[in-house]
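Chemist: Just a sequence and a predicted model for now, questions to come.
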Amino acid sequence: MPSMIYMMTNMSEMNQVVAFYRGMNGLLTFMASYPTSGKGTGTKEVSTATPNDGIDPLHSEGSLTLSLDGRFLFAVNTGSHSISSFMVTENGHLILVDVKPSGGFQPNSVGVFGNLLYVSNVGYPANQSHSNISGFRIEGNGHLTPIPGSIHSLSTINAQPAQVLFTPDGSRMVIPELTTSHLSVYNVNRNGTVTGPMINESYGKMPFGSYFLSTGLLLVTELDSNALSSYTLSDNGILHVISGSVPTGQKATCWVTTTKNERFAYATNTLSGTITIYRINSSGALTAIGHVTSTPAGIPTGLPMNIEVSKDGRYLYTLNGNQGTVSVFQINDDGSLTHLQVAAWTFFPYFGSQGLVVL
């Protein structure tokens, strides 16, 4: 299977997934776009908790998600309250195989572990629909089957989920809640339902993007604090702070990922147009060591959002939500980043794109 990058347009008329072929040198070449048979939101935002500026309309990580084996790709259609499932072919092309109601209104994140999929729904105050999470089984052909009894409330009826994240062993899920500053932890049962939540207070305000290291260390960005925190998760669902709110010194710190060796973390600062580099020590403590702009000098400023590292650990990719472009970086041994490319699939920059995954 070739190396690929997929991003999502989130366009309100017709949502699409855009595919780029990724070369051995990390550079991207546009390959094709694939309609989801659903609608995005365009620049319309799912929340009133943040400025209505058309940037980051879904306020989430995981709006576009791959299965762990890379066979299937899942996209939220927030404007039509559904999830699209694609089969990934051997040459990286996508085949739409299913579209299912999300079990709520305004889905904004999908988490996958094995054949279990959970989606978070922001809710819709106009029709008194509350925020929730909802579970599905991924069938062998990529179709989605709702799990009876899997729809579950968050810590409050109007909490705004920012992500669905499984622990590395799949036994629990963590849901950062943007508007409550809670980190809700659910136990995953054998039948695919969940129990909980165990409600943890985020160290900083407005937890957003989260990422589990292979060791179980949890990293969480904080939109209001403009910082990154690290935690360990105990068996009873309680989070223990290792580093609390280590500041980026930037604006709108939202997404996070790590290098393959897990020695460095990268957090995007959307409104500053930068990426902050953190060092992670052996105990999980964090130190901010520098910044890099998402787009190089001489190119219109990109506002970085979703961020991913290639499977070989050599390259980093971030989606510029104000352009619909993807910035490409080489990852150096010291964690620093070198600009390589700003890849576009259209000649017309636009606001509203969301979601990025690396295959």
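Modeler: Alright, I've got the coordinates. The structure displayed is predicted, hence computed values, not measured ones.

Chemist: what's the spacing between Thr89 and Asn132?
Modeler: Separation of Thr89 from Asn132 (CB to CB, to the nearest Å) stands at 33 Å. From N, CA and C alone the C-beta is placed, and that goes for glycine too.

Chemist: More neighbours: the two, which one.
Modeler: Asn132 (23 against 12; other CB atoms under 10 Å).

Chemist: Is that one in contact with Ser155, as I believe?
Modeler: No: in this structure, Asn132 is not within contact of Ser155 by CB atoms under 8 Å, at 11.4 Å.

Chemist: looking at it, Ser37 is touching Leu96, isn't it?
Modeler: Yes: applying CB under 8 Å as the test, Ser37 and Leu96 come out as touching, 6.2 Å apart.

Chemist: Compare these two (neighbour count), which wins?
Modeler: Per other CB under 10 Å, whichever of Ser37 and Leu96 has more neighbours is Leu96, with 18 against 14.

Chemist: Show the pLDDT at the more buried one.
Modeler: On pLDDT, Leu96 comes in at 98.

Chemist: give the contact list for it.
Modeler: Contacts for Leu96 were tallied using CB atoms under 8 Å, 6 or more residues apart in numbering; they are 34-37, 84-86.

Chemist: Equivalent analysis for Gly192, please.
Modeler: 116, 135, 137, 147, 150.

Chemist: and with 10 Å instead?
Modeler: Gly192 sits next to 114-118, 135-137, 145-150 when contact means CB atoms under 10 Å, 6 or more residues apart in numbering.

Chemist: Can you read off the pLDDT for Gly216?
Modeler: 96.

Chemist: Let me fix that, I meant to ask about Met1.
Modeler: Value for Met1, per-residue pLDDT: 71.

Chemist: ditto for Gly54
Modeler: For Gly54, pLDDT reads 74.

Chemist: Mutual contacts of Asn132 and Ser155, please.
Modeler: Counting by CB under 10 Å, 6+ apart, the residues touching both Asn132 and Ser155 are Pro161.

Chemist: where's the nearest residue to Gly273 once chain neighbours are set aside relative to Thr270, distance?
Modeler: If the residues on either side of it in the chain are set aside, Gly273 comes closest to Thr301, at 4.7 Å by CB to CB, 6 or more residues apart in numbering. Noted for Thr301: a distance of 11 Å to Thr270, by CB to CB.

Chemist: The two: who's more crowded?
Modeler: Set side by side, Thr301 and Thr270 show more neighbours around Thr270, with 24 against 15, by other CB under 10 Å.

Chemist: Next up, the contacts around the more buried one.
Modeler: 55-56, 223, 250-255, 294, 302-305, 318, 320-322.

Chemist: Please spell out the PyMOL selection for the buried subset of those residues.
Modeler: To isolate in PyMOL the members of the contacts of Thr270 that are buried, counting by 16 or more other CB atoms under 10 Å, one can use:
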select buried, resi 55+56+223+250+252+253+254+255+294+302+303+304+305+318+320+321+322
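
Chemist: Compute the number of surrounding residues for the closest residue to Ala265 other than its chain neighbours.
Modeler: Spatially, and ignoring its direct neighbours in sequence, Ala265 is nearest to Tyr278 (4.2 Å; CB to CB, 6+ apart). Other residues near Tyr278 come to 24 when the count uses other CB under 10 Å.

Chemist: cool, Gln128 as well?
Modeler: 9.

Chemist: circling back: reformat the contacts of Gly192 into a markdown table and put neighbour count and distance to Ile289 next to each item.
Modeler: Output for these, formatted as a markdown table (neighbours: other CB atoms under 10 Å; distance: CB to CB, whole Å):
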| residue | neighbour count | distance to Ile289 |
| --- | --- | --- |
| Gly114 | 13 | 36 |
| Asn115 | 16 | 39 |
| Leu116 | 19 | 37 |
| Leu117 | 28 | 36 |
| Tyr118 | 27 | 34 |
| Gly135 | 27 | 39 |
| Phe136 | 26 | 40 |
| Arg137 | 15 | 43 |
| Thr145 | 15 | 46 |
| Pro146 | 16 | 45 |
| Ile147 | 20 | 43 |
| Pro148 | 10 | 49 |
| Gly149 | 12 | 46 |
| Ser150 | 22 | 42 |
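
Chemist: Keep only those of these that are in strands.
Modeler: By the criterion of DSSP state E, membership of these in strands covers 116-118, 135-137, 145-146.

Chemist: Take these and lay them out in CSV including distance to Pro168 and pLDDT.
Modeler: Formatted as CSV, the ones in strands among the contacts of Gly192 follow (distance: CB to CB, whole Å; pLDDT from 0 to 100):
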residue, distance to Pro168, pLDDT
Leu116, 14, 98
Leu117, 17, 98
Tyr118, 16, 98
Gly135, 19, 98
Phe136, 21, 98
Arg137, 21, 98
Thr145, 25, 98
Pro146, 26, 98
